[in-house]
Structure formats: C-alpha cells, structure tokens
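Asks: have a look; sequence and predicted model below, questions after that.
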Amino acid sequence: MEDDLDGGPVYYEDVAPTHVLQLPDSLKELKLDDEVAAVDRMLEYVMVPLTTTLRLEVTLQGYWERTREERIAKLVALCSKIPGARHIPLATLEFSSISRMVGWERYKPHSLDRDDLGHRRFDVSFDVDDEDKGPHSQYTRAVASGLDFRGTACLILDHCDHIGEADFFCIFAGMKDLREVSITSCQLKQVLGMVGIQSWKDRLRKEPNFVPAIAGPGALWPVLETMTIKTSYSLLMQCWPTLLRALEHRSKWRIDIKSLAIVVDSFPRDHIERCKADLKRFVRKVSIDVPHDWKWDPKHHH
C-alpha cells in the first residue's frame, strides 16, 4: 500500500471492520508504506501470520493537522497491532537508528551475523517531518510502548543516533530480562555510563519529572550478563576507563558481566594481553578479535 502524499488532512472513521482478511502462512513479507493513520487502519483489516515479516514505513506527514500527542497515540496503537508484539517475548531487538527498529525471533550470545537470529519478525521505521525533528525520541518511546520490549533478551544498538539520557532510560529500562547489549561506537560511552550507575534514586529525587513512574530505582538491566562491543581501537581506548569502571561497579553490586566480546579494526599485539588481564579482573570470559575482512567506516561512527 503506497500513496503519494500531498500533506493534506487525512481522516478515518473509527468504525470496526466487518471483515478481516487472514493472510496465508506462505507469505514471507508484508510491506506497508503510508501515513500513520492509514497503516494503523490497514492492520485492522488483515491478520498477519507470525511467520510473515511485517515491514512498516510510516510517515506522520499525512496526519500533520493533528497534535503531536494524537500522532504519538496513533503510533502506539499501530505498533500494538504488530503480531505477537504484546504476547510473545521478542528475543532480539535491533535499533539501526532512532527511528528504525527490527525484531528477531531468536537470540544468540555475541551474534554479529544476523543470519543466526532466525526469522525477522518486524522492521518498523518512521519518518518525522523536518519541522518536528526535535521529538524523535518521543516517537521512539511511543514505538517502545506499543511493541512492549519487556521480554527482550538482547538489544543491538547499531549506528543508532544519540538518545538523551532521560529518553534512553524511558525506552530501555523496562527490559528487565535483558541478558545482552551489543554496542557500536555511537553509543559506546553513553551505554557504558548508563550500565555503571547503581541507583537512580538520587536522580529521581532531584528531578521528579526525569522519568515516568514505571522506572525502577535500581541499576539498569539487572540480569545483564553479556556485552558485545564493535568499535575502533582509538575509540575503545577513549572509553577504556568508562568500560573498566562500569564492569567494576557491576561486579561490586553482584550483577556482574560474565562474558565480554570486543571486535575492533586493529589492536597492537603486545597490548591485547594486558587489556585482557585488566578486563578479567571483573569478567570471567573475555575475547578481543580483529577480523581481517572488516573494513572500518568512520562515517558511521562518531
């Protein structure tokens, strides 16, 4: 479903569908590319099998005459209609950017090859008009609310745009079962800083509007035990003190990281063993790899 949008008002009557089409299990992918109200309405008329990848490209332009709150509410409603979004735990969630999320049905520790994660359940991206580019994270929070990430086992942050600290906590703190976080350079310092904070009580006390009431007072991701880092050697060294501090804190709080895999573009041979020894003070299993076929692209890493 693809339309040429002229930016004019789009209205849909709130009437329940009289007929719902059950799509065949043999359908591999369903792509819907339209404004948010149209996609939301379309998902009321079809039953999408769990074996079908649902690919949504949603624009808010055609819904522009509404308030931001109405657009956010419509985005939540749309995401809650994704098959299994609220009933079947999502094994792996990948953020390719702040406005694109991909869900996978399986989880494999330290996975760098998406082929071993099984079926891609959904691929959702949304487009915010240039005039409204400020609240990207608000829309991301809406998507998170609609999809319900609570059962997610692995979070992949791959070339994702920077997310403010408060928004980051709102989006990801509900992942109480998260076992692994996979990070590239863009989020490296931010995520390491977030997982190294023991308690959010003081911040919540000083800034009562910092996060909604659902945010817990304890450390972020209490059962996190695996971490994968893919970055450059120079950026890794810049973040090295933050990494060691986060690992030390988690170990001290008895919620330690048990397995750490680092993939870098280069690493002085005589330096690897010293770095491994530093890490093994806090982590049982450590690997540092320099793939020969990996070409570093600084354009995607800040």
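Replies: Good, I have the coordinates.
Asks: does residue 58 touch residue 123 like I think?
Replies: No - judged on Cβ atoms under 8 Å, residue 58 makes no contact with residue 123 at a distance of 11.4 Å. Just so you know, the C-beta spots here come from the backbone N, C-alpha and C atoms, and that holds for glycine as well.
Asks: any common contacting residues for these two?
Replies: With contacts defined as Cβ atoms under 8 Å, 6 or more residues apart in numbering, no residue is adjacent to both residue 58 and residue 123.
Asks: pick out whichever of these two has more residues nearby.
Replies: residue 58 (26 against 18; other Cβ atoms under 10 Å).
Asks: before we move on, what SS does the more buried one have?
Replies: Using DSSP: H, G, I helix; E, B strand; the rest coil, the structure places residue 58 in strand.
Asks: can you read off the pLDDT for the residue nearest to it when sequence neighbours are not counted?
Replies: Take residue 58 and drop its neighbours on the chain: the residue closest to it by Cβ to Cβ, 6 or more residues apart in numbering is residue 126, 4.3 Å away. If you check residue 126, the pLDDT there is 88.
Asks: could you list the domains of this protein?
Replies: 1-148, 162-291 (automatic domain parsing).
Asks: in JSON lines: these, plus distance to residue 156.
Replies: Rendered in JSON lines, the data for the domains of the chain read as follows (distance: least, Cβ to Cβ, whole Å):
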{"stretch": "domain 1-148", "distance to residue 156": "4"}
{"stretch": "domain 162-291", "distance to residue 156": "4"}
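Asks: what is the residue nearest the centre of the chain paired to in the beta sheet?
Replies: In the chain, the centroid-proximal residue (Cα atoms, centre = their mean) is residue 95; its distance is 3.8 Å. Counting by DSSP bridges, residue 95 is bridged to residue 101, residue 157.
Asks: my guess is it meets residue 101, correct?
Replies: Yes - under the contact definition of Cβ under 8 Å, residue 95 touches residue 101, with a separation of 5.8 Å.
Asks: any low-confidence regions in the stretch 201-302 of the chain?
Replies: 201-218, 293-302 (pLDDT under 70).
Asks: how about the strands in it?
Replies: 226-231, 259-264, 285-289 (DSSP state E, counting those that start in this stretch).
Asks: count of neighbours near residue 227?
Replies: 25.
Asks: swap that for residue 261, please
Replies: 20.
Asks: measure it to residue 66 for me?
Replies: 45 Å (Cβ to Cβ, to the nearest Å).
Asks: do I have it right that residue 159 meets residue 97?
Replies: Yes - the pair residue 159 / residue 97 is scored as a contact, 6.7 Å apart, by Cβ under 8 Å.
Asks: what's residue 150 in contact with, if anything?
Replies: So residue 150 contacts 89, 174, 175, 176, 177 (Cβ under 8 Å, 6+ apart).
Asks: of these, which is the most crowded?
Replies: Busiest of those [other Cβ under 10 Å] is residue 175, holding 23 neighbours.
Asks: was I right about that one contacting residue 155?
Replies: Yes - counting by Cβ under 8 Å, residue 155 is a contact partner of residue 175 at 6.6 Å.
Asks: next, work out how far apart the closest residue in space to residue 127 that isn't next to it in sequence and residue 120 are.
Replies: Sequence neighbours aside, residue 59 is the residue nearest to residue 127 in space, at 4.5 Å (criterion: Cβ to Cβ, 6+ apart). In this view, residue 59 and residue 120 are 22 Å apart by Cβ to Cβ.
Asks: pick out whichever of those two has more residues nearby.
Replies: residue 59 (20 against 17).
Asks: need the pLDDT of the more buried one.
Replies: pLDDT, residue 59: 87.
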